[in-house]
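Asker: Fold the following.
(2 chains)
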2 protein chains.
Amino acid sequence: MKMARLKPPAALNMPIGEAMFSQRAIRRLDPDRAISDGDLKLVLDAASKAPNGGNVQPARFLVIRDRQRIAEFGELYYEAWWAKRKDAYGWEPGHDIPAESPYRMASLMADELRHAPVVILSFGVPGGFAGSVFPGVQNLLLSARALGIGSVLTTLHPSVMDRVNGMFGVPSDVDFYCCIPLGYPRGNFGPTSRFETADTTHWDQWDARPPWAE
Amino acid sequence: MKMARLKPPAALNMPIGEAMFSQRAIRRLDPDRAISDGDLKLVLDAASKAPNGGNVQPARFLVIRDRQRIAEFGELYYEAWWAKRKDAYGWEPGHDIPAESPYRMASLMADELRHAPVVILSFGVPGGFAGSVFPGVQNLLLSARALGIGSVLTTLHPSVMDRVNGMFGVPSDVDFYCCIPLGYPRGNFGPTSRFETADTTHWDQWDARPPWAE
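Answerer: Residues are numbered from 1 along each chain as shown, chains lettered A, B, ... in the order given. Sure thing, here's the model as predicted:
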């Protein structure tokens, strides 16, 4: 395959701190506003620039733009989303999720994915591992955020993978990593809540805290 | 643990496209130029802002700054690096790697890691998976790049993990993900060569190419 040495796209001019610190899961996507092929190329170019082991570049992306296929895939996504919740909590599809659960908001995506203007599935060809795929996924998500395009990193339950692979003709030796709906947000980007790094950072030894811990 | 809602740090003002498209593996690190605790906090804050499943935030980071501990860890890193090459190619430590191999350059890190000013090990507590750790690792690497700090995403061979965990008191239920040396570069950031996304992108179906393919 040909190699490219790309220059930074002028459209990706948002300060990196602003993009990182305002990236949040966007699950309510505008079904009527298309994402241009140029912007899709741009976020995929950004993904390609991420680190990967030995420059083997195992990451592959399936871009789903056809509305009928997204609607059909959305049915599988809905089934997969609830299958994960059934495994973890015994919930049936449509279960009334407690308001304090982080899955209350996440369940929105199970309903809405079928209306997303674009869905990207991330895969890896043999010889890769997660550390050569997810950094590129994060470049894709961050560059989408810089373009004002919303997304969320989601997965699929193993019970639907045969049907997903069959639907799109994915070869059997290719590994699935994650599912990335894309669209302009109905709603806002903004701050997220995270643990303070004083509590997630260990300093020279697991039982020692960093200098910025109280 | 307490949660924080952080504002974008003013120091992370590099355009995101410039950071992404000039990020490259930096393996020759300046041993005499320290990285400040403030900059370490900043790149760890950036890591914390990445997406993760259900906001469970399983990622944990062990920051190794003590020079003696880095020197000792560097011995294990050297052993682990060559153990991976032995598994893959039967090479013994110090093997004369063919000039065309992608591991020719990578072997530099096996020699140099012991002199890195900082090494960060990335872990995950139970309940996490790679997709909730590597996006944060990429935020860490990109924000380091934006500060002019070089790095490379590396792994460790399973044969050294018990000794690494013992050395730093890492609990047995914590999963290791990757090893991140950090330092100011002896050398330059710059463009990387990557496959054209026309060849790594599939369009609505695995056997269909995107509109920007020739």
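Asker: which stretches of chain A form strands?
Answerer: Along chain A, counting by DSSP state E, strands occupy A:3-4, A:59-64, A:118-124, A:150-151, A:175-183, A:194-195, A:201-203.
Asker: Now mean neighbour count, distance to chain B and mean pLDDT too, for the ones you listed, in a markdown table please.
Answerer: C-betas here are computed from N, CA, C, even on glycine. Output for the strands of chain A, formatted as a markdown table (neighbours: other C-beta atoms under 10 Å in any protein chain shown; distance: least, C-beta to the nearest C-beta, whole Å; pLDDT from 0 to 100):
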| stretch | mean neighbour count | distance to chain B | mean pLDDT |
| --- | --- | --- | --- |
| strand A:3-4 | 14 | 4 | 84 |
| strand A:59-64 | 24 | 4 | 96 |
| strand A:118-124 | 23 | 9 | 97 |
| strand A:150-151 | 26 | 9 | 96 |
| strand A:175-183 | 23 | 6 | 97 |
| strand A:194-195 | 20 | 4 | 92 |
| strand A:201-203 | 22 | 4 | 94 |
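Asker: start to end distance for stretch A:11-30?
Answerer: The first and last residues of stretch A:11-30 sit 21 Å apart, counting by C-alpha to C-alpha, to the nearest Å.
Asker: my bad, stretch A:200-208
Answerer: Stretch A:200-208 has an end-to-end distance of 11 Å (criterion: C-alpha to C-alpha).
Asker: Next, format the strands of chain A as CSV and append distance to residue B:188.
Answerer: Shown next, in CSV, are the strands of chain A (distance: least, C-beta to C-beta, whole Å):
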stretch, distance to residue B:188
strand A:3-4, 19
strand A:59-64, 26
strand A:118-124, 30
strand A:150-151, 32
strand A:175-183, 32
strand A:194-195, 33
strand A:201-203, 30
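Asker: and the residue lying closest to residue A:175 once chain neighbours are set aside, what are its bridge partners?
Answerer: Leaving aside its sequence neighbours, residue A:175 sits nearest to residue A:124 (C-beta to C-beta, 6 or more residues apart in numbering or on different chains; 4.7 Å). Beta bridges link residue A:124 to residue A:59, residue A:175, judged by DSSP bridges.
Asker: if I pick the spatially closest residue to residue A:137 that is not a sequence neighbour, what's in contact with it?
Answerer: Nearest non-adjacent residue to residue A:137, counting by C-beta to C-beta, 6+ apart: residue A:122, 5.5 Å away. Taking C-beta atoms under 8 Å, 6 or more residues apart in numbering or on different chains, we find residue A:122 in contact with A:59, A:60, A:61, A:133, A:136, A:137, A:176, A:177, A:178, A:179, A:180.
Asker: what residues are up against the last one?
Answerer: By C-beta under 8 Å, 6+ apart, the residues touching residue A:180 are A:119, A:120, A:121, A:122, A:137, A:140, A:141, A:151, A:152, A:153, A:154.
Asker: Of these, just say which sits nearest to residue B:43.
Answerer: Proximity of the contacts of residue A:180 to residue B:43, judged by C-beta to C-beta, is greatest for residue A:141, which lies at 18.2 Å.
Asker: Find the residue closest to the residue positioned nearest the centre of chain A in space, skipping its chain neighbours.
Answerer: Ranked by distance to the mean C-alpha position of chain A (C-alpha atoms, centre = their mean), the top residue is residue A:153 at 2.5 Å. Take residue A:153 and drop its neighbours on the chain: the residue closest to it by C-beta to C-beta, 6+ apart is residue B:51, 4.5 Å away.
Asker: What of residue A:119?
Answerer: Distance criterion C-beta to C-beta, 6+ apart; nearest residue to residue A:119, sequence neighbours excluded, is residue A:64 at 4.5 Å.
Asker: quick one: that neighbour and residue B:204 touch, right?
Answerer: Yes: look at residue A:64 against residue B:204 with C-beta atoms under 8 Å: they come within range, at 5.8 Å.
Asker: joint contacts of these two?
Answerer: Residues touching both residue A:64 and residue B:204 (C-beta under 8 Å, 6+ apart) are residue A:168.
Asker: Packing partners of whichever helix in chain A runs longest?
Answerer: The helix that spans the most residues within chain A, counting by DSSP state H, is helix A:67-89. Counting contacts by 3 or more C-beta pairs under 8 Å, 6 or more residues apart in numbering or on different chains; DSSP states H and E, helix A:67-89 packs against helix A:102-112, strand A:118-124, helix A:161-168.
Asker: what comes up buried for it?
Answerer: Using 16 or more other C-beta atoms under 10 Å in any protein chain shown as the test for burial, helix A:67-89 gives A:70, A:73-74, A:76-85.
Asker: Out of the residues you listed, which is nearest to residue A:112?
Answerer: In terms of C-beta to C-beta, no member of the buried residues of helix A:67-89 lies closer to residue A:112 than residue A:74, at 8.3 Å.
Asker: what's the pLDDT at that closest one?
Answerer: pLDDT for residue A:74: 97.
Asker: measure it to chain B for me?
Answerer: Per C-beta to the nearest C-beta, to the nearest Å, residue A:74 is found 15 Å from chain B.
Asker: How about residue A:53?
Answerer: Residue A:53 is 7 Å from chain B, by C-beta to the nearest C-beta.
Asker: ok, now which ones touch the residue nearest to that residue when sequence neighbours are not counted?
Answerer: Distances taken as C-beta to C-beta, 6+ apart place residue A:132 nearest to residue A:53, at 5.0 Å, with adjacent residues excluded. For residue A:132, the contacting residues are A:51, A:52, A:53, A:56, A:57, A:58, A:59, A:124, by C-beta under 8 Å, 6+ apart.
Asker: Among these, name the buried ones.
Answerer: Neighbour counting by 16+ other C-beta under 10 Å classes A:51, A:52, A:53, A:57, A:58, A:59, A:124 among the contacts of residue A:132 as buried.
Asker: Would you confirm that residue A:16 contacts residue B:146?
Answerer: Yes: using C-beta under 8 Å, residue A:16 makes contact with residue B:146 at a distance of 5.0 Å.
Asker: Overlap in contacts, the two.
Answerer: Counting by C-beta under 8 Å, 6+ apart, the contacts common to residue A:16 and residue B:146 are B:12, B:13, B:14, B:19.
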